[in-house]
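*Asks:* sequence first, predicted coordinates after that:
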Amino acid sequence: MTKDLVSRNGTLPQNYKAAQRELAQLTRTDECQRWADKARALASYALQAKDQSLFQYAQRVQARAIRRGGELFQKIKPAKNQHDARTGTGTSRKEAAAAAGVSKRQKDTMLRVASVPDADFERQVESEKPPTVTELARQGTKVIDFRGRSTTNQFKAATQALAKIEEFAAFAQAHDAIEVAKGVGVKEFARAQRHLKIVETWLLLFGSTLQLEEETCAKSQ
């Protein structure tokens, strides 16, 4: 199966560092898309084989391939309007994507993933549970809320917060709070109480603000 997952050099490198180096050197978006396609196929195979390490390797390669394609598209100045698109000199992003066989959706995904700040991208991709390309693209999407305000940073932070809340909710459902508290060591009491206070205050503000935002949004519709 893996022998069929060809890249420009024959196969996806087994060594992750080697894959990173090769991806950084890609100069065409069609190459990036091929890498992403092969990595996605490898991820599917890894799931079937129940190989978590191979699956994570494929996810990281796919994310980096998509991001590299976005970086290449970012080097092309976007047209400001339809007139610029028709009369401008050079190749537009749309033309470059068409020439590379990359769909509009794929192009937009690449650009969005490339818009995720470097530090955030590296931290997430190199984590034990790498995010999907869809999750990364969502973080790089510029969002306008119902008041017409640009909320790119707020949206990104909200996405991360909701993921953390969902993760903790799953933990809470699986573990009895009383039993967990009994397991806290004597030396950890003060630290636990300090962090708990921060979390309690934050969740209280988050919950009340979320309710107000929901009510305000409902009234505006």
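*Replies:* It's in.
*Asks:* contacts made by stretch 60-70 with the rest, please.
*Replies:* With C-beta atoms under 8 Å, 6 or more residues apart in numbering as the test, stretch 60-70 has contacts from 12, 16, 19-20, 23-24, 26, 29, 32-33, 35-36, 39-40, 42-43, 102, 106, 109-116, 121, 125-126, 130-131, 133, 136-137. Bear in mind the C-beta positions are built from the backbone N, C-alpha and C, glycine included.
*Asks:* quick one: which of these sit in strands?
*Replies:* Among these, DSSP state E puts none in strands.
*Asks:* just the buried residues of those.
*Replies:* 12, 19, 23, 26, 29, 32-33, 35-36, 39-40, 42-43, 102, 106, 109-116, 121, 125, 130-131, 133, 136-137 (16 or more other C-beta atoms under 10 Å).
*Asks:* wait, what's in contact with the nearest residue to A137 once chain neighbours are set aside?
*Replies:* The shortest distance from A137 to any non-neighbouring residue, by C-beta to C-beta, 6 or more residues apart in numbering, is to R112 (4.1 Å). Going by C-beta under 8 Å, 6+ apart, R112 touches G70, L136, A137, R138, Q139, G140, T141.
*Asks:* same question for T27.
*Replies:* Counted by C-beta under 8 Å, 6+ apart, T27 has contacts L72.
*Asks:* can you tell me how far L196 is from V180?
*Replies:* 12 Å (C-beta to C-beta, to the nearest Å).
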